[in-house]
Structure formats: structure tokens, C-alpha cells
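Student: Sequence unavailable; structure follows:
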Ligand SMILES: Nc1ncnc2c1ncn2[C@@H]1O[C@H](COP(=O)(O)OP(=O)(O)OP(=O)(O)O)[C@@H](O)[C@H]1O
Ligand SMILES: [Mg+2]
């Protein structure tokens, strides 16, 4: 069976900095893969490459066996890849619904004009929040939202198209314990609908709670890739810090 | 039965109106409008000419030119930008219009030359800011000097007051009225409605605000940020072109000093109208309202017999007051 996504020997250089080297990794449908590593290990760089923010310096990405060459995020989006950025990438001055639909606004026709369909967008956003079991209201301005609500907006955005792969860069950083539980629930909901998810987190309990597999990056290299059931937080911590060289 | 239905409908209506009132009271143009109403009430007591038809006519026409340009400025400010070159652009557009019509070309040719000049100048500005990524303040400061200089060279430092075969209709366009409303005020009304709809109902408007709120996020969402930012400066240019065409028709003459220091009034109008220089917050309706307040202050001081030298102090005070109020409301939330 071909995996949903296959990364082969991905490398990335930023000038003299080698952020990634020879990363080979695969992802199956309905799977949650935890991606861990110290600060600067290259986690964000890896998911940004998959999401089309910038092309890899070397290596190949294949989705459903087809090689992909993304140059812009929209291209990846068209192939069913959605991402929740580490900084969420929301416009604080806009409403939740406006953020969800940003760049792909719903329109309706009035005579020769196509105008924004606020009602349709608010309605769809409300549905998405309901599906995600979030209390967020579509018309609320993002600026006045709690960390968890902002997170929900960023995640709801990924649900607009029916993506195959959702990448989440530290969705549980900087939110309260209760909100973390909400986000983890969201991730399970997404997984149960058949999506593959890559979850980046520094929080060991989160990873062990929702992930099927764990991949560990250290200084740009993949040092481990294991089923959660075959591993332990102690082992992963050792792999991250380098106390255990690889597994 | 019928009665209760009516009651329900009435309550629903009251609720809706209340909701609208609450929503309105949250935006700055509303409070500026309140200030305008209070100022008008005070002036009607202080001066008996204030509410004369003549004074209303003149005041509205005077602020129409600033209001039109403030609309374009608002579109620029939403994107975290600023356009300091609008006054100089007006000077250049005015001279070009004058030269074209003086040479015997018809009205429409003068109009196209005027608008074309504005669009070309603002395209250069927009490209330097959006694609070359230079700071808006610096680029438009440069354009302020550059465009004024070109206007001086082209005009050869002479006044133009001959506008060829269409002189009469041109002076009517800028200086006359329809249905008792000065033509420039009509232009202001129409352009305000257009910008209001563009802000609220087009993806372009939505994208302007998104860019002002978070340019990186806008880019990641696939918005053509460079093109949209460039278009904002061109909209500003377009409004300068329109205002110039009308103001020259009204004056019936043009010199290369036309529009000098206007950028200050235009930015003041936009900011008083609620455009936040940090980007992402602005109101189409704020431009005419802000321009109205600036002109009203000028007119009131004049009628109240206050030395004209005090005008700047009052306008300045209101600008600072406007941002202060905005900040305090922001803190409250
Ligand atoms: N756009 C860029 N230009 C230059 N260097 C970059 C860029 N993005 C990332 N890097 C570098 O690449 C390395 C990996 O960064 P990355 O953001 O992927 O780390 P991370 O694992 O996500 O860390 P964190 O846990 O802190 O989010 C770092 O050394 C970083 O400085
Ligand atoms: Mg990161």
C-alpha cells in the first residue's frame, strides 16, 4: 500500500544553516504522528516545507505516490494539505468567520457583481465550530478571543476544504489546561474523520495521549520513529536531548 | 391577536435598532459625528450666518475635496501605509490638466490626463512599497518632493487660467451644483458609497483589512498582498485625480502650488474619521466625517471671530484627541 504522504531524504539549508538533513518519513490515513524535538531542531521547517511555504533544498515529497513541488501554500492546500501555524497566522482585526474564509471568501451574485456572502460564511463557520465542539462565535473579533478560541479558529480554517493531511505546529503551547484538553479532543475528532495529522508539541503528555506514532528530530536529523505503544516518555526525552543517540 | 403580532414586530424592530445603535456607538466616526452636531448647535447660537444657505453650501463644498482624498488615504492607511504625496500629486495633476486643456483639447481629454497622471504616479509609489518593500513614509515623502518639482518644471512657474473650448462646462463641473448640492459634494457622496461597499462586500476590501491586521498571515492565506497594496495606493491616486479635476474647475485656474500642505488635512481627516495608522481599522464613512469636522472647525473659528492663526492648534488638538479616544476605548476592551 502506498502511504498517504511519503517524504524522502528531505534537506533544507538557510544560507549556512542546515535546518534539515535526510529526513525520510511516511504518513498513513487516519494516523496521528507526533513530531518532537528541541527548540531549533527543525520541526517547524519540516511542516512548512510540506505546507508549501518554501521548497526543500533536496529530497522529495509525494502524496498518494505522486511527487509534489509546492512553491506557495495555496498549491499545497489544493492537494489537501492544511496547516495550523505555530503563531496561528490570524488577522486579529477580523472576525472568526472572516479569518476562516480568508483568501477563499464565499460570494454571491447580485446582477453583474459578485459580493461577499457574509451570511453563508457565518453559517458555515458556526457549523465548523459546532463540529469542533467549540464555543467560538463566528462574528466575534479574534483580538478579543481566548487562546483556546483562537486555536479553534485556526483549526476550523483547516476544515473548510476537506483536507487529507493536517499539520499542527504547537497547537497546545500557551493555552490553559482545560483548553489543551479541548484541542486534543479536536485532534481526535479530525482523526476519526479519516485525516492524517502531524502534531508538533513539546508537551510529552499530549503526544502520548493522542498520537499513534512518534518521530524525533535532533539538529535537523530524524533520530527515531516509533509506535507510541513501543516507547515511553523517558525514552523520547533521551532521544530529544541526545542522551539516547537513536532508536 | 393582531395586536400581539404587531407588538412582537415592534419589539423586534426596537431590538434591531438598539443593536444597530450599540454597534454604531462602538465606532469612531459616530463620536466624531456627535462632535459635529454639538459644534453645529453651539455655532447656531453664536453666529446667525452659520446656518445660512450660503455658508452651508461653501462649507460642504470646501470639505468635499479633502473628503474625497481622505477616502483614498483611508484605503492606504488600512494596509498600515501612509501617502504623504497626495498634495504634490494634486499639484502635478492640476498642471497636467491645465496644460492639456489650455492646448485646446476637450474636457474628457483633460480628465483622462488628470486621472492618468495620478494613476501612473501612484503606481510607481505602490510598486516601490509593495514589491520593493520600501517604507511607505519614505517613498511617499520622496514622491512629495518629486511630484511637486515635476509640476514646477512642467508649469514653467506660470499660472494657467485658459482651459480651451470646454472652459465653461469645466467651471460648471467644479463650481456649480445639482439639486442645490455642490458637484464636488455629489462626487464625495458617490465615492463614499462605493468605498463603503468595496470595504464591506468585496474580497478586495476584506483583503485590505487582513493585510493591515497581519500581512504575513494574509500572504500565507494566498492573498496577493503585493498587488492589493499597490492597488490601495492607486485608489488613493484615483481620488487625488478626481479631487484635483474638480478643484481646478472650481478655482478656474491652477498654479504649481496647488495642494501644498493638503496631505496634512487629508491625513487628519482620515485619522479623525477613525483610520488607525497601525493598520487594519478604518471606516469609509470616516473620511467625509473627519473632513467635515476639520472644515467645520475652520469655519466656526472664522465665524466666531477667532484669529485664523489658531486654526492649526484646534485641528491638531482634535487629531490628538481622536487617537487618544481610540486608545482609551481599546484599553477598555
Ligand atoms: N526562514 C528562516 N531563515 C533562516 N533560518 C531559519 C528560518 N527558519 C528556520 N531557520 C533556522 O532553522 C532551524 C530550525 O528552525 P525551526 O523553526 O524549524 O525549529 P523548531 O524545531 O520549530 O523550533 P521551536 O521548537 O523553537 O519552534 C533554526 O536554527 C532556525 O534558526
Ligand atoms: Mg517551531
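Tutor: Now that the structure is in, tell me what you want to look at. The model shown is predicted, which means the values in this text are computed figures rather than measured ones. Residues are numbered from 1 along each chain as shown, chains lettered A, B, ... in the order given. Ligands and ions are numbered 1, 2, ... in the order given.

Student: Right, and ligand 1 sits closest to which residue of the stretch 101-250 of chain B?
Tutor: Scanning the stretch 101-250 of chain B for the residue nearest ligand 1 gives residue B:216, at 11.6 Å (criterion: CB to the nearest ligand atom). Where you see a C-beta, it was placed from the backbone N, CA and C, and this is true even at glycine.

Student: check contacts around that residue.
Tutor: By CB atoms under 8 Å, 6 or more residues apart in numbering or on different chains, residue B:216 lies in contact with residue A:89.

Student: Can you read off the pLDDT for it?
Tutor: Model confidence at residue B:216, expressed as pLDDT, equals 91.

Student: from the chain's centre, how far out does the strand or helix carrying it sit?
Tutor: Using DSSP states H and E, residue B:216 sits in helix B:215-220. Taking CA atoms, centre = their mean, to the nearest Å, one finds helix B:215-220 lying 27 Å from the centre of the chain it belongs to.

Student: That one: what's the following helix or strand?
Tutor: Scanning forward in sequence from helix B:215-220 by DSSP H and E, the next helix or strand is helix B:225-251.

Student: buried set for that following helix?
Tutor: Buried residues in helix B:225-251, counted by 16 or more other CB atoms under 10 Å in any protein chain shown: B:225-226, B:228-250.

Student: contacting residues around the helix or strand bottoming out on mean pLDDT in chain A?
Tutor: The least trusted helix or strand in chain A, going by mean pLDDT, DSSP states H and E, turns out to be helix A:177-192, with a mean of 84. Applying CB under 8 Å, 6+ apart, the contact partners of helix A:177-192 are A:30-32, A:131-134, A:146-148, A:151-152, A:155, A:159, A:166, A:168, A:171-172, A:175, A:197, A:199, A:203, A:206, A:209-210.

Student: Filter the residues you listed down to the buried ones, PyMOL style.
Tutor: Here is the PyMOL selection string for the buried members of those, based on 16+ other CB under 10 Å:
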select buried, chain A and resi 31+32+132+134+147+148+151+152+155+159+166+168+171+172+175+197+199+206+209+210
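
Student: Residue B:261: neighbouring residues, count only.
Tutor: 9 (other CB atoms under 10 Å in any protein chain shown).

Student: Helix or strand: which one has residue A:166?
Tutor: Element membership for residue A:166 (DSSP H and E) is strand A:165-169.

Student: ok, residue B:131 - contacts?
Tutor: Going by CB under 8 Å, 6+ apart, residue B:131 touches B:226, B:230.

Student: Residue 13: helix or strand, and which one exactly?
Tutor: Picking chain A for this. Per DSSP H and E: strand A:5-14 holds residue A:13.

Student: Please refer instead to chain B.
Tutor: helix B:2-25.

Student: For that helix, which outside residues touch it?
Tutor: Residues contacting helix B:2-25 (CB under 8 Å, 6+ apart): B:30, B:31.

Student: so who does residue 44 touch?
Tutor: Went with chain A since none was named. Going by CB under 8 Å, 6+ apart, residue A:44 touches A:86, A:169, A:200.

Student: Oops, wrong one, chain B.
Tutor: B:50, B:51.

Student: Helix, strand or coil: sort out it for me.
Tutor: Using DSSP: H, G, I helix; E, B strand; the rest coil, the structure places residue B:44 in helix.

Student: In chain A, what residue spans correspond to strands?
Tutor: Shown for chain A, the strands assigned by DSSP state E span residues A:5-14, A:17-27, A:32-36, A:58-63, A:66-68, A:81-84, A:107-110, A:113-116, A:165-169, A:196-200, A:213-218, A:221-227.

Student: For residue A:139, see how far away residue A:129 is.
Tutor: Distance, residue A:129 to residue A:139, using CB to CB, to the nearest Å: 11 Å.

Student: of these two, who's got more company?
Tutor: residue A:129 (23 against 12).

Student: what's near enough to touch the more buried one?
Tutor: Residues near residue A:129 by CB under 8 Å, 6+ apart: A:96, A:135, A:136, A:137, A:138, A:152, A:156.

Student: Among these, which ones lie close to ligand 2?
Tutor: Among these, no residue is within reach of ligand 2 (CB under 5 Å from the ion).

Student: from those residues, which ones fall inside helices?
Tutor: A:96, A:152, A:156 (DSSP state H).

Student: Would you mind giving those as JSON lines with pLDDT added?
Tutor: Formatted as JSON lines, the ones in helices among the contacts of residue A:129 follow (pLDDT from 0 to 100):
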{"residue": "A:96", "pLDDT": "94"}
{"residue": "A:152", "pLDDT": "86"}
{"residue": "A:156", "pLDDT": "88"}
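
Student: can you put those in TSV and add distance to residue A:50?
Tutor: Shown next, in TSV, are those (distance: CB to CB, whole Å):
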residue	distance to residue A:50
A:96	26
A:152	22
A:156	20
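
Student: which of those lies closest to ligand 2?
Tutor: Distances from ligand 2 to those, taken as CB to the ion, are shortest for residue A:152 (20.4 Å).

Student: I figured the closest one hits residue A:134, correct?
Tutor: Yes. Assessed by CB atoms under 8 Å, residue A:152 is found in contact with residue A:134 at 3.9 Å.

Student: correct me, but residue B:210 touches residue A:100?
Tutor: No. Between residue B:210 and residue A:100 there is no contact under CB under 8 Å: 12.0 Å.

Student: Specify which residue of those two has the higher count of neighbours.
Tutor: Neighbour totals were compared for residue B:210 and residue A:100, and residue B:210 leads with 29 against 26 (other CB under 10 Å).

Student: Which pLDDT value belongs to the more buried one?
Tutor: With respect to pLDDT, residue B:210 scores 96.

Student: what residues are up against the residue nearest to residue B:326 when sequence neighbours are not counted?
Tutor: With sequence-adjacent residues excluded and distances taken as CB to CB, 6 or more residues apart in numbering or on different chains, residue B:326 is closest to residue B:28, at 6.0 Å. Applying CB under 8 Å, 6+ apart, we find residue B:28 in contact with B:273, B:274, B:283, B:286, B:322, B:325, B:326.

Student: Now do residue B:28 against ligand 1, distance only.
Tutor: Per CB to the nearest ligand atom, to the nearest Å, residue B:28 is found 38 Å from ligand 1.

Student: Residue A:228 now?
Tutor: For residue A:228, the distance to ligand 1 (CB to the nearest ligand atom) stands at 20 Å.

Student: how about that residue, what does it touch?
Tutor: Contacts for residue A:228 (CB under 8 Å, 6+ apart) come out as A:34, A:207, A:208, A:211, A:212, A:213, A:214.
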